[in-house]
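> here is my input; please provide its structure:
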Amino acid sequence: MFKKIVSVVASAAVVAGVLLAAPAQAAGQSINGSGSSFANNAMQACVAAYSTNEVTYTSTGSGTGRSQFAAGTTKFGASDSVYKSGYPTVNYTTVPLFGGPVAFVYTAAGVSDGLNLTAQNISDIFRGEITRWDDSRIKANNTKIKLPKKTIKVLYRSGSSGTSENISDYLAQNLPGQGWTKSGTWATATGMTTPKGTGFPTSGDLVTAIEDSLNAFSYFDLSDANTADVSIAKLKNAAGAFVAPTASAAAKFLNAQTWVTNGTDATNGTVTIDFTKSVSGAYQLSILVYGLAPRFVPTATNKVSTDAVKLAVGDFFKYVVSSCIPAKAASLGYVPLGGKLKTNALNQIKLIG
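Have a look, this model is predicted:
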């Protein structure tokens, strides 16, 4: 095991944004949020740098973040996936905040960054059909790498996870009929009552576990992967190339996706990700983090929101999209929104109040 320094290529999709002044009534408020552990490093960096209002963010996992927002326990949520059930009883809006690649990581003895893996390899490892690093199916894509003759220790997210949901969606789309179901619950996602390996509730827990385990395999955000004592795999994309998870490769993939219009409350403001889409130079498993916030619905007598706390949420989201992530994404391993994605996100933020 070794410590490595990975330089993250800044996203070409960065579009400079102007941070608009917060409404006077939004200043000096205290707001709390919870959710995505995939997004945690970015959210903590933005919370620390933001000074207009007092913000706290707790990494709980996307599922808990959605349920806490729906229950009114928090003022906003962050999730790598949208609601399927348990919708808030109040009006809400969904805002894409930033994106990033999901990295597959490992501690295979003697193997550094750049192990080539396919969707089929990933599926076979998680479903227990590939159990050793020197399996011929892994060797086929890594003929110049000496693979250890060791058992693979599989680690996964046991809690309700947006990252797991996106991985299972990626595998279900690319490997139809092989038992994968889009789900944030790993047992349901894999189609196994008892999943192979050992589960951990958050990305942070996975980082700690894999750093302490030799010959292990897991997944989490690139931000954690860049600083953890792990090696990072390349993933074969639909164009046939093995690509490392970088901000620029993720931006290429996300910018090619489709914005949802005329949807329900659960889908407005979201992007339909086609994990089979062929995009040259793209990293195929790249996802978006969504902010969940109260939505103001104008009436004949009340056309503008005056709720200072809710307006503070909108101001923080605007700061994340327009200022914080564009400035910090390259160092953190995330992707700022650019072009139409950013324009649509800022329009969604205008609905908050």
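> domain ranges for this protein, per the record?
What automatic domain parsing lists as the domains of the chain is 24-100+252-349, 102-245.
> in TSV, list these along with mean pLDDT and mean neighbour count.
All C-beta spots, glycine's among them, are computed from the backbone N, C-alpha and C. Below are the domains of the chain laid out as TSV (pLDDT from 0 to 100; neighbours: other C-beta atoms under 10 Å):
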stretch	mean pLDDT	mean neighbour count
domain 24-100+252-349	92	21
domain 102-245	96	19
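> tell me which helix or strand residue 130 sits in.
Following DSSP states H and E, there is no helix or strand that holds residue 130.
> pull the contacting residues for the closest residue to residue 284 other than its chain neighbours.
Using C-beta to C-beta, 6 or more residues apart in numbering and skipping residues adjacent in sequence, the residue nearest residue 284 is residue 237, 4.3 Å away. With contacts defined as C-beta atoms under 8 Å, 6 or more residues apart in numbering, residue 237 is in contact with 243, 253, 278-279, 282-284.
> and with 10 Å instead?
By C-beta atoms under 10 Å, 6 or more residues apart in numbering, the contact set of residue 237 is 118-119, 243, 249, 252-253, 275-285.
> quick one: it from residue 204, how far?
Separation of residue 237 from residue 204 (C-beta to C-beta, to the nearest Å): 28 Å.
> who's in contact with residue 347?
With contacts defined as C-beta under 10 Å, 6+ apart, the neighbours of residue 347 are 95, 269.
> just residue 77 next, same as before
Residue 77 makes contacts with 33-36, 57, 60, 62, 64-70, 83, 88, 92, 94, 290-293, as judged by C-beta under 10 Å, 6+ apart.
> now it: which helix or strand?
Per DSSP H and E: strand 76-79 holds residue 77.
> likewise for residue 177?
Assigned by DSSP H and E, residue 177 falls within no helix or strand.
> residue 192 reaches residue 123, doesn't it?
No. The pair residue 192 and residue 123 does not pass the contact test of C-beta atoms under 10 Å, sitting 12.0 Å apart.
> so what sits against both of those two?
Joint contacts of residue 192 and residue 123 (C-beta under 10 Å, 6+ apart) are residue 179.
> distance-wise, check residue 91 relative to residue 298.
To residue 298, residue 91 is 11 Å away according to C-beta to C-beta.
> the strand holding residue 77 pairs with which strands, and in what direction?
strand 30-35 (parallel), strand 286-294 (antiparallel) (DSSP bridges).
> these two touch, right, residue 194 and residue 156?
No. Residue 194 lies out of contact with residue 156 (C-beta under 10 Å); the separation is 11.9 Å.
> now list whatever residues contact both of those two.
Shared contacts of residue 194 and residue 156 (C-beta under 10 Å, 6+ apart): residue 187.
> SS state for residue 245?
Three-state call for residue 245 (DSSP: H, G, I helix; E, B strand; the rest coil): coil.
> and the nearest residue to it once chain neighbours are set aside, how many neighbours?
Using C-beta to C-beta, 6+ apart and skipping the chain neighbours, the partner closest in space to residue 245 is residue 101 (3.5 Å). For residue 101, the neighbour count with other C-beta atoms under 10 Å is 30.
> how about residue 101: which residues does it bridge to?
Beta-bridge pairing for residue 101 (DSSP bridges): residue 286.
> start at 688, not 1
That works, and once the first residue is 688, the last one we named lands at residue 788.
> how near is it to residue 902?
According to C-beta to C-beta, residue 788 and residue 902 sit 23 Å apart.
> again with residue 774
As judged by C-beta to C-beta, residue 774 and residue 902 stand 42 Å apart.
> then residue 962?
Separation of residue 962 from residue 902 (C-beta to C-beta): 28 Å.
> can you show me the strands along the chain?
Assigned by DSSP state E, the chain shows strands spanning 717-722, 741-746, 763-766, 779-793, 803-804, 840-844, 885-887, 903-908, 918-919, 921-923, 929-930, 945-946, 958-959, 973-981.
> show me what the second one is packed against.
Looking back up the chat, that one is strand 741-746. strand 717-722, helix 727-736, helix 749-758, strand 763-766, helix 995-1006 (3 or more C-beta pairs under 10 Å, 6 or more residues apart in numbering; DSSP states H and E).
> let's have the ones you listed in JSON lines, adding distance to residue 869.
Shown next, in JSON lines, are those (distance: least, C-beta to C-beta, whole Å):
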{"stretch": "strand 717-722", "distance to residue 869": "18"}
{"stretch": "helix 727-736", "distance to residue 869": "23"}
{"stretch": "helix 749-758", "distance to residue 869": "13"}
{"stretch": "strand 763-766", "distance to residue 869": "14"}
{"stretch": "helix 995-1006", "distance to residue 869": "26"}
